[in-house]
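Asks: whatever this is, show me its structure:
(one chain, ligands or ions: 2)
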Amino acid sequence: MFDPSSFRDPALAHKLIRGIDKHAAGIARQRGEKYIVHIMEVCGTHTMAIAKNGIRDIMPANIKLTSGPGCPVCVTANRDIDMAIEFAKHPEVIVTTFGDMLKVPGSYSSLNEEKGNGGDVRVVYSPLDALAIAQQNPDRLVVFISVGFETTTPIIAATIKRARDMKLENFAVYAANKTVPNALRAIADDPDIQIDALILPGHVSTIIGLDPYKFLATKFHIPGVITGFEPLDVLQGIYMLLKQIDASDTYIDIAYTRGVQAEGNPTAVKTIYEVFEETDAEWRGLGVIPGTGLAIKAEFAQYDALKRIELDPPAPREIKGCQCGDVLRGALPPYECRLFGKTCTPEHPIGPCMVSSEGSCAAYYRYTDYGRSK
Ligand code: SF4
Ligand code: SF4
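Replies: Ligands and ions are numbered 1, 2, ... in the order given. This next block holds a predicted model:
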């Protein structure tokens, strides 16, 4: 049986830390003491694991861990949040979504505020719960606000197929789902961001496997390792990345072999593309990235909320002073945002990176001295 304590074994952790130190020293000998190796963790849960377990603090001086755009809630653009809010204002609509979305500020309001104003906004734990709400409320349209990466998209696609099988007519999805690999291409291509290696997301990779990341190594010469979420997983991932850099090798590898197969889960990928097709998507901080969005295909149009109700939201605007965009690009550490820990805290979040349970600002605030010293 799976024993989580085996992934927190101090002896193994010390062994990995010694390996990390050894390769960091090897890299310093080759590239000079001043060369800083920038490792970006892509996934929000890695950001949390790193902050919670103090992994950043035990890194050698020439290794820097930077958080990337790994939280699906944080990267959702204001325009999409504003659309969700417009649905919540509509008297015919029941809005359903995951809990993290409620507090996220849009340009002018949040789903929580709309709920306070009388909007029917309900938190669900699965999109299938939204189907049940639709069955119980045949006179209303139930709109599921869908954000997420490849991890959650198969279940959204399966829910849409199920709604069709059930001939359920009052259910629709506002799809703001995104796919990860091309967002990494945009980061790798950004001359303002220095990335030497990537800790790749565990759950996303369970679905897509290893191949979609290969371009990072072949085109951009950036090594990547798919890791799990226990402290030892993260240390092992960092160790494997530094080993590659020290040996001047560059490839994509899997440390999280108990969760990820190289080929991913082709059945889940097939389910996604039965219902969705690729489109461009706007990411907070990264702008519009071609081919990273998922639009509902024409044959499922009746489950596309945008085709069911016409909305005209006001032009989006950015939140004054919030630097979530720079944080998500890995261009600014959260504590350097002028609002961090002052006007922006988990109790009173100004931007999504402080709201979300996987947000970088929330991780730094909760688990690091930057948060405690405020
Ligand atoms: S869904 Fe999984 S892989 Fe994606 S950001 Fe969240 S924890 Fe990471
Ligand atoms: S501290 Fe708050 S305002 Fe600043 S980037 Fe983070 S979430 Fe945005």
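Asks: other residues contacting the helix or strand hosting Leu65?
Replies: Following DSSP states H and E, one finds Leu65 within strand 63-67. The contact list for strand 63-67 (Cβ atoms under 8 Å, 6 or more residues apart in numbering) reads 20, 24, 36-41, 47, 50, 55-56, 59, 195, 238, 242, 327, 330, 333-334, 360, 363. C-beta coordinates here come from the backbone N, C-alpha and C atoms, glycine included.
Asks: so is it next to ligand 1?
Replies: No: interface with ligand 1: strand 63-67 contributes nothing (Cβ under 6 Å from any ligand atom), its closest point being 11.2 Å away.
Asks: and that strand, which residues are buried?
Replies: Ile63, Lys64, Leu65, Thr66, Ser67 (16 or more other Cβ atoms under 10 Å).
Asks: part of a helix, is Val142?
Replies: No: counting by DSSP: H, G, I helix; E, B strand; the rest coil, one finds Val142 to be strand, located in no helix.
Asks: now the residue of the stretch 251-374 of the chain found nearest ligand 1, nearest residue through space, not along the chain?
Replies: Ranked by Cβ to the nearest ligand atom, the top residue of the stretch 251-374 of the chain for proximity to ligand 1 is Glu358, at 5.6 Å. Excluding the flanking residues, the one nearest Glu358 by Cβ to Cβ, 6 or more residues apart in numbering is Gly44, at 2.7 Å.
Asks: is it true that the one you found touches Cys74?
Replies: Yes: Gly44 is within contact range of Cys74, at 7.2 Å (criterion: Cβ atoms under 8 Å).
Asks: which of those two has more neighbours?
Replies: Cys74 (31 against 27; other Cβ atoms under 10 Å).
Asks: dump the residue contacts of that one.
Replies: Counting by Cβ under 8 Å, 6+ apart, Cys74 has contacts Gly44, Arg284, Cys324, Leu328, Pro352, Cys353, Ser356, Glu358, Gly359, Ser360.
Asks: top of those by neighbour count?
Replies: Neighbour-wise, the contacts of Cys74 (other Cβ under 10 Å) top out at Cys353, 35 neighbours.
Asks: that one - that's part of a helix, no?
Replies: Yes: looking at Cys353 with three-state DSSP, it is inside a helix.
Asks: my read: it touches Pro346, true?
Replies: No: using Cβ under 8 Å, Cys353 is not in contact with Pro346; the gap is 10.6 Å.
Asks: related to what we said a few turns ago, check the offset of the strand holding Leu65 from the chain's centre.
Replies: 17 Å (Cα atoms, centre = their mean, to the nearest Å).
Asks: overlap of the contact sets of Gly44 and Cys74?
Replies: Common neighbours of Gly44 and Cys74, counting by Cβ under 8 Å, 6+ apart, are Ser356, Glu358, Gly359, Ser360.
Asks: for the spatially most central residue of the chain, which non-adjacent residue is spatially closest?
Replies: In the chain, the centroid-proximal residue (Cα atoms, centre = their mean) is Cys71; its distance is 2.5 Å. Distance criterion Cβ to Cβ, 6+ apart; nearest residue to Cys71, sequence neighbours excluded, is Gly44 at 3.5 Å.
Asks: for the one you found, give me the pLDDT.
Replies: Reported pLDDT at Gly44 in the predicted model: 91.
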